[in-house]
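In: Curious how this folds, go ahead:
(one chain, ligands or ions: 2)
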Amino acid sequence: MIKTLKIEPLTKEAFAPFGDVIESEGRDHFMINNGSTQRYHKLGEVQLDEQGQGIINIFRAETLEYPLQIKMLERHPFGSQSFVPLFGHDFLLVVAPVGDGSMNIDPSTVRAFRATGRQGVNYHRGVWHHPIMALRDNDEFLVVDRSGPGNNCDEFFFDESVQLTVELD
Ligand SMILES: NC(=O)N[C@@H](O)C(=O)O
Ligand code: NI
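Out: Ligands and ions are numbered 1, 2, ... in the order given. Okay, the predicted model is just below:
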């Protein structure tokens with residue numbers, strides 16, 4: 001399969017098969033702190049296995065070279081992983097559904113999204129995704145994911161006959 005992935009705008013609905021969109025725009029909230037603060041409650045859930053611990057990290061990422069060939073995707077079987085941009089820059093996502101749980105990805109299910117700098121994502125457990133795709137050098141992301149025993153990062157490399165490309169406008 002040779003395909004240039006269409007980069008879709010990130011919306012709650014479109015991203016639902018892969019996880020949550022963390023944003024305030026257009027989302028419900030309620031007032032707290034004596035009316036001084038709007039709480040956008042439970043935009044996503046931290047998913048963990050019984051032995052896992054939720055941890056908070058910062059990823060400082062370099063941009064990748066585009067057009068980019070998507071040679072691999074990874075997944076975290078024991079927990080979710082969220083990325084929230086700290087500097088307000090757009091970033092890209094390439095994902096594929098959990099599938100049947102096997103170490104295999106149907107390349108026709110791979111999708112690309114562009115997040116605005118005011119959107120974050122929370123990949124659900126086992127959702128295939130490309131490592132962070134920053135669009136600005138040394139961009140930083142707040143990352144909430146799982147620490148604990150076991151290998152929590154499976155990598156799947158596409159066959160050489162599969163050429164999935166992401167290119168910027
Ligand atoms: N390996 C690691 O911590 N980073 C990846 O999980 C990623 O999604 O960027
Ligand atoms: Ni990851």
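In: State the distance from the closest residue to residue 150 other than its chain neighbours to ligand 1.
Out: In this structure, residue 150 finds its nearest non-sequential neighbour in residue 78, 6.1 Å apart by Cβ to Cβ, 6 or more residues apart in numbering. Bear in mind the C-beta positions are built from the backbone N, C-alpha and C, glycine included. Going from residue 78 to ligand 1 by Cβ to the nearest ligand atom, to the nearest Å gives 12 Å.
In: what does residue 86 give?
Out: Per Cβ to the nearest ligand atom, residue 86 is found 15 Å from ligand 1.
In: Enumerate every residue touching that residue.
Out: Contact partners of residue 86, counting by Cβ atoms under 8 Å, 6 or more residues apart in numbering, are 58, 139, 140, 141, 142.
In: Next to ligand 1, which bits of this protein? Give me the list.
Out: Counting by Cβ under 6 Å from any ligand atom, the chain comes close to ligand 1 at 74, 81, 129, 131, 132, 153.
In: need these in a markdown table with neighbour count, pLDDT and distance to residue 96, can you?
Out: A markdown table is the format used below for the residues of the chain next to ligand 1 (neighbours: other Cβ atoms under 10 Å; pLDDT from 0 to 100; distance: Cβ to Cβ, whole Å):
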| residue | neighbour count | pLDDT | distance to residue 96 |
| --- | --- | --- | --- |
| 74 | 16 | 98 | 10 |
| 81 | 25 | 98 | 15 |
| 129 | 20 | 98 | 8 |
| 131 | 13 | 98 | 14 |
| 132 | 19 | 98 | 16 |
| 153 | 13 | 98 | 15 |
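In: of all these, which two lie farthest apart?
Out: By the measure Cβ to Cβ, 132 and 153 form the most distant pair in these, at 13.1 Å.
In: secondary structure class for the residue at the greatest distance from the centre of the chain?
Out: Using Cα atoms, centre = their mean, the residue of the chain lying farthest from its centre is residue 34. It sits 34.1 Å away. Put simply, residue 34 is helix when judged by DSSP: H, G, I helix; E, B strand; the rest coil.
In: How much space separates it from ligand 1?
Out: For residue 34, the distance to ligand 1 (Cβ to the nearest ligand atom) stands at 38 Å.
In: how close does the nearest residue to residue 49 once chain neighbours are set aside sit to residue 130?
Out: Take residue 49 and drop its neighbours on the chain: the residue closest to it by Cβ to Cβ, 6+ apart is residue 78, 4.4 Å away. In this view, residue 78 and residue 130 are 19 Å apart by Cβ to Cβ, to the nearest Å.
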